[in-house]
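*Asks:* I'd like to go over a predicted model; first the sequence, then the structure.
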Amino acid sequence: MKLKLERVYTKPADLSGYRILVDRLWPRGISKVNAALDWWAKEIAPSKELREWFHHDPQLFDEFKKRYLAELAANSFTAEFVAQVNKQLQIQDVILLYGAKNQVDNQAVVLKEYLEKVQ
């Protein structure tokens, strides 16, 4: 099974997988029904401080990535999150949903890379 990324604001491309929102804040203007989520894992998202510092500035992405990976390493929720993702990957695709406009430089991209390394 595959690990995928999808922007929560786009029409769901894949409803057959296990859909996890990995943002700390609920996406503005999206109803829970339209999001078609299986899990909102806000605890795995970057801290409020890191998110506000980064402010989706592509020039800060490399430093953001380092800091977010450090947060994941220190986060007591990370092991539970990884275990749940791996469990779901045994039976279906897992789709990490995010709200960022930038589809290249965001926390879901970092999280996907992290998950692929720890599997």
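*Replies:* Perfect, I can see it now.
*Asks:* buried residues, stretch 70-77. List them.
*Replies:* Residues of stretch 70-77 classed as buried: 71, 72, 75 (neighbour count, 16 or more other C-beta atoms under 10 Å). Where C-beta positions appear, they are placed from N, C-alpha and C, glycine not excepted.
*Asks:* quick one: contacts for the residue lying closest to residue 64 once chain neighbours are set aside?
*Replies:* Nearest non-adjacent residue to residue 64, counting by C-beta to C-beta, 6 or more residues apart in numbering: residue 54, 4.3 Å away. Each residue near residue 54 by C-beta atoms under 8 Å, 6 or more residues apart in numbering is listed here: 46, 60, 61, 64.
*Asks:* hmm, which of those residues are the buried ones?
*Replies:* Using 16+ other C-beta under 10 Å, the buried ones in those are 46, 61, 64.
*Asks:* can you lay out those residues as TSV showing pLDDT?
*Replies:* Listed next are the buried ones among the contacts of residue 54 as TSV, based on pLDDT from 0 to 100:
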residue	pLDDT
46	97
61	97
64	98
